[in-house]
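Novice: below are the sequence and a predicted model; questions follow.
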Amino acid sequence: MGLFEKKECALCGGKAGLITRYKIANGEYICGDCHGRMSPYTEGLGNMSVEDVEEQIRIKEENDERFNNQFNITRQFDFDSRHPIMAVDDNSGEFALIKDARPDIFSFDNVISYNVDLNTAALSEEERQNDSSLMGILNYLLSDNFGSRFPDMPRCPQGCKVIGMYFEIKFGANPLNADRIRIDMLPGWSTSETEVDKAYMCANEIYQCFKEYKSGQRQAPAGAVQANTAAVDSASAIEQVKQLKELLDMGALTPDEFEKKKKELLNL
Ligand SMILES: [Zn+2]
């Protein structure tokens, strides 16, 4: 039983290298290629037999087929145009995590709870003194105005900055055995004010969507009329411009920054 002992993939028989192999039940391993055919959200790999892995690959293939041919996007939530996060099919009552190359579909029915988790860090003295625009947005995030606009979002503690934001979904059951999924709402390493603000806006939209389903305000209607996605998009853009105007009025954005973001949102 040497450290460099070669293992075979229990599924395809290929090489399961030390670094690229994944342990499954009964002391067996699968290779990186076979592992990549399952959903990244599949859990419990260590307890899976070869047959369980095969089943997970089948579920993923079926999911991909359904996403490409049946999933009708009625609403979509993006961090920005380069970072899509979540798509919703209100006709089937399902959502898909589209930040992944092969989106996974989940039913709102299987969701037990959801919340937004902030990761914050104390501001250094240097940051406090040097970055006036950062202080602008931080003061804004702490303000009552912000709290009243996003009452469901967590507040950043006094003297801190936001370094991470996660949307967490807890499931009762799903085919991937995933109890909990965390979506990173801040795609880059940057913690600039605009990025944090975009993450807040997007997380809030996703939160409100889950709330609609959880409260029964929205259900998967049988044979419902398909929503007009373009109309939904422009309505949300106008809403965001209104929010930016508030930021401008309170001095957290310069007129130039406001104009730039407005043009982006309205495709001017
Ligand atoms: Zn393999």
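Specialist: Here it is on my side, so go on. Predicted model, so just to flag it, every value in this text is computed and none were measured.
Novice: which positions in this protein make contact with the ion?
Specialist: Residues of the chain lying near the ion by Cβ under 5 Å from the ion: 9, 11-12, 14, 31, 34. Backbone N, C-alpha and C define where each C-beta goes, glycine included.
Novice: so which of those residues sits lowest on pLDDT?
Specialist: Ranked by pLDDT, the residues of the chain next to the ion bottom out at residue 14, which has 91.
Novice: quick revisit: of the residues of the chain next to the ion, buried ones?
Specialist: 9, 11, 31, 34 (16 or more other Cβ atoms under 10 Å).
Novice: got the contact list for the residue nearest to the third one when sequence neighbours are not counted?
Specialist: Leaving aside its sequence neighbours, residue 31 sits nearest to residue 9 (Cβ to Cβ, 6 or more residues apart in numbering; 3.8 Å). Contacts here follow Cβ atoms under 8 Å, 6 or more residues apart in numbering; on that basis residue 9 touches 15-16, 21, 29-31, 33-34.
Novice: got the buried residues for the host helix or strand of residue 256?
Specialist: Following DSSP states H and E, one finds residue 256 within helix 255-266. Neighbour-count burial for helix 255-266 flags 257-258, 261-262, 265 (criterion: 16+ other Cβ under 10 Å).
Novice: which elements pack onto it?
Specialist: Counting contacts by 3 or more Cβ pairs under 8 Å, 6 or more residues apart in numbering; DSSP states H and E, helix 255-266 packs against helix 229-249.
Novice: ok, 10 Å please
Specialist: Using 3 or more Cβ pairs under 10 Å, 6 or more residues apart in numbering; DSSP states H and E as the contact test, the elements touching helix 255-266 are helix 193-214, helix 229-249.
Novice: quick one: that helix to helix 193-214, angle?
Specialist: Here helix 255-266 runs at an angle of 40 degrees relative to helix 193-214 (axes from the mean of the first three to the mean of the last three Cα atoms, to 10 degrees).
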